[in-house]
Each structure stands twice: as C-alpha cells, then as structure tokens.
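Trainee: here's my sequence, what's the structure:
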Amino acid sequence: MEIVANRIKELRHRIGISQTKLAAVIGTQQSAVNRYENNQSDPSLELLVWYANYFDVSLDYILGRTDKPQGVPYDYNPEALREKFATDEQAKQFIEYCFEDGSPMNEKLKEVLAGMIGGKS
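Mentor: Predicted structure coming up:
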C-alpha cells in the first residue's frame, strides 16, 4: 500500500535516521527497508507493529486510517451491529421490553447496570 510506504518513510525522515541505520535496528538489510518505503514490498504485520512501537505512533496512522500519529480515541460502534439491530425484530422487541416501565426485565436491567457501575457483577 502506497500510504504505508509513504508513512514509514516520513517517520524515518522525521527522526533523521538512514535506511541503513534503521535496517540495522530492525535486523534486516537496507534494501528491504528501501523496498518497503518505495512500495515494492509489503512489511509484515509484525514489522508494522514494530514500526508503530519504535516511532510511537498508532497502526491506524501507519495504515492511513487517520492523519493523527497518536490515532483517534476508540469509539466502539460497529456498523454490523447497528445493521443487525436495525433489521432484527426480536432484538428491537427485547430492547423495548427491557425499557418498558414495570417490566421484570426493566428492573433486572437496572440491577445489572447498577452493579456494573458500582463494580459488582
């Protein structure tokens, strides 16, 4: 991926380290670093994690998912889950029942949530 190649080259340039020096730190040849930076070869996932740790940036930054080196705050909101609840009538009915005033599930849900907030399970 071209964005990965550009990001790892940019990170190396930012700290002023040569491909040869970086290759020595990684434990590989300068030619391998050159291939990664020129999008001629893809670094392994293990190496991408190494780059993220070495340069103290997020993998999202290296992969081009964000322009912020520290990444973005995580907000768990998967599209697949939203789609499931939007189309699953049983799930909708369950949620409605849980929050219906006076339902036994409403009271149980309140107890569970209170326990979670209070550190009890």
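Trainee: just checking, residue 42 touches residue 2?
Mentor: No: the criterion here is Cβ atoms under 8 Å, and residue 42 misses it with residue 2 at 10.8 Å. Just so you know, the C-beta spots here come from the backbone N, C-alpha and C atoms, and that holds for glycine as well.
Trainee: who has more neighbours, these two?
Mentor: residue 42 (13 against 9; other Cβ atoms under 10 Å).
Trainee: quick one: contacts for that one?
Mentor: 1, 4, 36 (Cβ atoms under 8 Å, 6 or more residues apart in numbering).
Trainee: can you select the buried ones from the residues you listed in ChimeraX?
Mentor: To isolate the buried ones among the contacts of residue 42 in ChimeraX, judged by 16 or more other Cβ atoms under 10 Å, type:
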select :4,36
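Trainee: please give the element, helix or strand, for the residue nearest the centre of the chain.
Mentor: The centre of the chain sits closest to residue 60, judged by Cα atoms, centre = their mean, with a distance of 5.9 Å. Using DSSP states H and E, residue 60 maps to helix 59-62.
Trainee: mind checking the SS state of the residue lying closest to residue 61 once chain neighbours are set aside?
Mentor: Spatial nearest neighbour of residue 61, chain neighbours left out: residue 69 (4.8 Å); criterion: Cβ to Cβ, 6 or more residues apart in numbering. Secondary structure state of residue 69, per DSSP: H, G, I helix; E, B strand; the rest coil, is coil.
Trainee: neighbours of residue 69, how many?
Mentor: Neighbours of residue 69 using other Cβ under 10 Å come to 17.
Trainee: would you confirm that it contacts residue 59?
Mentor: No: Residue 69 lies out of contact with residue 59 (Cβ under 8 Å); the separation is 11.0 Å.
Trainee: which parts of this protein are helices?
Mentor: Using DSSP state H, the helices of the chain run over residues 2-15, 19-26, 30-37, 45-55, 59-62, 79-87, 89-98, 104-117.
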